[in-house]
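Peer 1: Sequence plus the predicted model coming up.
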Amino acid sequence: MAFGRLDKPAGHQPISDINVTPLVDVMLVLLVIFIISAPLMASRLEMELPEVATPVRSDAVEDEAYVTVALDAQGQAYWDDQPLSDKQLSQRMTQAAQVDRSTEVRLRADQRVPHGRVMQLMAMAQQAGLARMGFVTDPPARSAAPEGGR
């Protein structure tokens, strides 16, 4: 003899509602992140590069081969204070590399020269075969007030 119910229990019914609370939480967190990061991505810092105090190289040899290349504020290139076009400058660099590959290019660039122009000149020197490059800077201007005084 078996005892039991004749009807079977229906069991748990699936929940057919969607829980949107986690979705709203995630969307609010993403909105806050966007609100905080949007101004950071759009901001632009305009500055002039400062003058730097550079130490004198102790390993520099007085008679080492070097050439001086200067860039003025408009990006005009000068080879030993003589204005040249980019093609002429490239030819001069190639000639200098053929004479001595260890020739150093000493670059004097105005601080208002765009960074891209300096990079073009560096790439031009590298393509010509000149791998050594030095950057010439001015020492910082001395202030009128003494250090630590008023």
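Peer 2: Sure, I can see it.
Peer 1: Confirm M133 sits in a helix?
Peer 2: No - counting by DSSP: H, G, I helix; E, B strand; the rest coil, M133 is not found in a helix; it is strand.
Peer 1: contacting residues around it?
Peer 2: Listed by C-beta atoms under 8 Å, 6 or more residues apart in numbering, the contact set of M133 reads E104, V105, R106, L107, M122, A125. C-beta coordinates here come from the backbone N, C-alpha and C atoms, glycine included.
Peer 1: now do M119
Peer 2: Neighbouring residues of M119 by C-beta under 8 Å, 6+ apart: there are none.
Peer 1: What of the one 3 residues further on?
Peer 2: Counting by C-beta under 8 Å, 6+ apart, M122 touches L107, M133.
Peer 1: Now that G75 has come up, it's in contact with R112, right?
Peer 2: No - with contact defined as C-beta atoms under 8 Å, G75 does not reach R112; the gap is 9.5 Å.
Peer 1: Same drill for those two, tell me which one is more crowded.
Peer 2: For G75 versus R112, neighbours defined as other C-beta atoms under 10 Å are more numerous around G75 (17 against 12).
Peer 1: Excluding chain neighbours, what is closest to that one?
Peer 2: In this structure, G75 finds its nearest non-sequential neighbour in R117, 4.5 Å apart by C-beta to C-beta, 6 or more residues apart in numbering.
Peer 1: Surely that neighbour is in a strand?
Peer 2: No - applying three-state DSSP, one finds R117 to be helix, outside a strand.
Peer 1: Can you give me the neighbour number for it?
Peer 2: Around R117 there are 16 residues (other C-beta under 10 Å).
Peer 1: And the pLDDT for it?
Peer 2: With respect to pLDDT, R117 scores 90.
Peer 1: and it, how far is that from M133?
Peer 2: R117 sits 15 Å away from M133, going by C-beta to C-beta, to the nearest Å.
Peer 1: repeat for R101
Peer 2: Distance, R101 to M133, using C-beta to C-beta: 13 Å.
Peer 1: these two touch, right, the residue nearest to G75 and L71?
Peer 2: Yes - R117 is within contact range of L71, at 6.3 Å (criterion: C-beta under 8 Å).
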